[in-house]
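Visitor: I would like to see how this sequence folds:
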Amino acid sequence: MHLSENDAEDDLPPSIKDLLAGLPTAAILEGDHGELQVLLPATAKPIVRSGGGGDGGALVMSFDRGDEQWISNVGGVPYYLYPVHPSKEFLSSPSLAGTIYLFVLRFANGQYEQAVSWVESVVSDV
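Guide: Have a look, this model is predicted:
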């Protein structure tokens, strides 16, 4: 895997831009056969604040990369890799923690339709 040559936002197909919307910390990795994965840092704690102003409370998302408790709770996994389906229309998650993290990012960013699509994936047999 290597950083995709299509990582520049101008070079991305619209479907990939849609997948990355609201994921400002994401990087695109590409395999030797063109398969794509989205890399997100697990240690970046999402912080949601009111943007203020007269727009009725729009939310603004930022990230805290130094929260010791968040980092210790990540459990030694510094990042999540989300394979991009060959159709380039959706991501998949190989772990429950990765699914929950992506759900939180989508929800915190106001992408409720995308967040709801991940709810069915938040399942554990523990």
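
Visitor: alpha carbons only for contacts and neighbour counts from here, please
Guide: Fine.

Visitor: Report the separation between residue 66 and residue 42.
Guide: 12 Å (C-alpha to C-alpha, to the nearest Å).

Visitor: could you pull out the helices for the chain?
Guide: Ranges of helices in the chain, per DSSP state H, are 14-20, 68-73, 96-108, 112-119.

Visitor: which of the residues in the first one are buried?
Guide: Going back to what we said before, that points to helix 14-20. Neighbour-count burial for helix 14-20 flags 16, 19, 20 (criterion: 16 or more other C-alpha atoms under 10 Å).

Visitor: and what of the longest one?
Guide: Of the residues in helix 96-108, those with enough neighbours to count as buried (16+ other C-alpha under 10 Å) are 97, 98, 99, 100, 101, 102, 103, 104, 105, 106, 107, 108.

Visitor: Show me the contact partners of it.
Guide: 22-23, 42, 46, 48, 59, 61, 80-81, 93, 112, 114-116, 118-119, 121-124 (C-alpha atoms under 8 Å, 6 or more residues apart in numbering).

Visitor: How about exporting it as CSV, limited to the C-alpha atoms?
Guide: Extracted C-alpha coordinates of helix 96-108, given in CSV (Å, rounded to 0.1, in the frame of the first residue of the first chain):
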residue,chain,number,x,y,z
LEU,A,96,-16.4,-3.0,15.5
ALA,A,97,-14.2,-0.1,16.8
GLY,A,98,-13.6,1.2,13.3
THR,A,99,-17.4,1.1,12.6
ILE,A,100,-18.2,3.0,15.7
TYR,A,101,-15.5,5.6,15.0
LEU,A,102,-16.8,6.2,11.5
PHE,A,103,-20.4,6.4,12.8
VAL,A,104,-19.4,9.0,15.4
LEU,A,105,-17.6,11.1,12.7
ARG,A,106,-20.6,10.9,10.3
PHE,A,107,-23.0,11.8,13.1
ALA,A,108,-20.9,14.6,14.6
